[in-house]
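Participant: Below are the sequence and a predicted model for it; my questions follow.
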Amino acid sequence: MSNSFDRSRSLVRDLATTAAMSAAMVATAKVGQNWAEGNAPRSGLPKKPGTPVYADSFEVQAVDVTVDGQTRKGAALVNTAPHASAVEWVNGAHILARAVDAIERGT
């Protein structure tokens, strides 16, 4: 019996492109979505008709990610509100950046 581990690059590559891996990446990104929705700033002002609310505009999208020429399944957590970049950068909330920490913690 061998005590060594021999990684099969082709099997790892095949695993990284499966529907199951895509589902796992989306499920993991949803952890960040839940955190972001719960921690996003809210103005407390009445919502303007036709204007999306930042806290309600988080989405998880399944994506293909290419690293070093290898494509694998991934997921993107995005905010689709037109003022999302202002909330993230101008107001300094950094909700999406901080959601990464929540994803890595698994909370």
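Facilitator: Thanks, I have it. What you see is a predicted model; the values in this text were computed from it and never measured.
Participant: Quick check: phi and psi at the residue lying closest to G32 once chain neighbours are set aside.
Facilitator: Of all residues beyond its chain neighbours, the one nearest G32 is A99 (3.8 Å), with distances taken as Cβ to Cβ, 6 or more residues apart in numbering. Backbone N, C-alpha and C define where each C-beta goes, glycine included. Backbone torsions for A99, taken as degrees, to the nearest 10, come to phi -60, psi -30.
Participant: swap in K73?
Facilitator: With angles defined as degrees, to the nearest 10, K73 sits at phi -80, psi 150.
Participant: With K47 instead?
Facilitator: Note on K47: its backbone torsions stand at phi -70, psi 130 [degrees, to the nearest 10].
Participant: can you check the one 3 residues further on too?
Facilitator: The phi and psi torsions at G50 (degrees, to the nearest 10) take the values phi 80, psi 0.
Participant: Could you report the pLDDT at it?
Facilitator: As summarised for this prediction, G50 has a pLDDT of 77.
Participant: again with the one 3 residues further on
Facilitator: Taken from the predicted model, the pLDDT recorded for V53 is 89.
Participant: quick revisit: pull the number of nearby residues for the residue nearest to G32.
Facilitator: By other Cβ atoms under 10 Å, the residues close to A99 number 23.
Participant: Show residues contacting stretch 36-49.
Facilitator: Applying Cβ atoms under 8 Å, 6 or more residues apart in numbering, the contact partners of stretch 36-49 are 53-56, 58, 77, 79, 87, 91, 93, 95-96, 98-99, 102.
Participant: All set now, cheers.
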